[in-house]
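> show me the folded form of this:
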Amino acid sequence: MTRRHVARLTKWLLHLHYAIRTEGGELLRDGKVHLVLPNHPAYIEPPMLCAEFWDVMLRPMADEAFFRKRLSGWALRLAGAIVVPDLPATTADRREAAADKARALTATAVQALAQGDDLLFYPSGHVRYKPVESIGNRRLAYEVCGQLPEGVRVIMLRTTGLDDSLFSKQRTRFTLRRRVTMHFEDMTDRVREWSKLDRRSFNEQLEQWYNCNG
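Just a heads-up that it's a prediction; the model follows:
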């Protein structure tokens, strides 16, 4: 079974429960190279995004732990995903090793964009456990956007409607037909400007955009 077959089947299954509306999704189908930076309200949102845009070959970056699980590991390898390694930082030696891995990961992401891959990763690095997105001092989005290859468009995605879903980390509320909105926006120029700031200020700009409807 190919990636497209899996994505289209997943889309059909998701639409049995979710009423999904997309805004600005045509930005992903303009023939250019994209860096997609979504918020992360629930575990279901990444497969929802890839299924809804099954015809766009988004290459996700995902934590190493998901590759060790049978189903998610199979799906990620099918999508050509990039492994985000565990970055332990409990001692000075391990912190230096973690920094080396982080630099290598940034280089891998920038290279993927430079060779024409549409890349997808989550600036927060985790599913949120409260109503607002929190990126803190995470570095990957900041460093990749600071080295963005020429011609790459940065598309930010704000998904709403999943905060209290079964796949979220917040209190669950059952809804027979859950309404979900996926809002895409071309943020290339603003992100290039934000990347001139320090890392914390850059992340705060992302947080404000993700939380403007929260």
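> flag every buried residue along the worst-scoring helix or strand of the chain on mean pLDDT.
Lowest by mean pLDDT, DSSP states H and E among the helices and strands of the chain is helix 92-114, with a mean of 84. Burial within helix 92-114, assessed by neighbour count using 16 or more other C-beta atoms under 10 Å, is assigned to A98, A102, L105, T106, T108, A109, V110, A112, L113. Using the backbone N, CA and C atoms, a C-beta is placed for each residue, glycine as well.
> looking at the residues you listed, spot the one nearest A81.
A112 (10.7 Å; C-beta to C-beta).
> Provide the secondary structure category for the residue nearest to the closest one when sequence neighbours are not counted.
The shortest distance from A112 to any non-neighbouring residue, by C-beta to C-beta, 6 or more residues apart in numbering, is to L119 (5.4 Å). Three-state assignment for L119 (DSSP: H, G, I helix; E, B strand; the rest coil): strand.
> next one: L119 relative to R77, how far apart?
Look at L119 and R77: by C-beta to C-beta, to the nearest Å, they are 16 Å apart.
> and these two? Which one has more around it.
Between L119 and R77, counting by other C-beta atoms under 10 Å, L119 is the more crowded of the two (21 against 11).
> so that one touches A62, yeah?
No. Using C-beta atoms under 8 Å, L119 is not in contact with A62, being 11.8 Å away.
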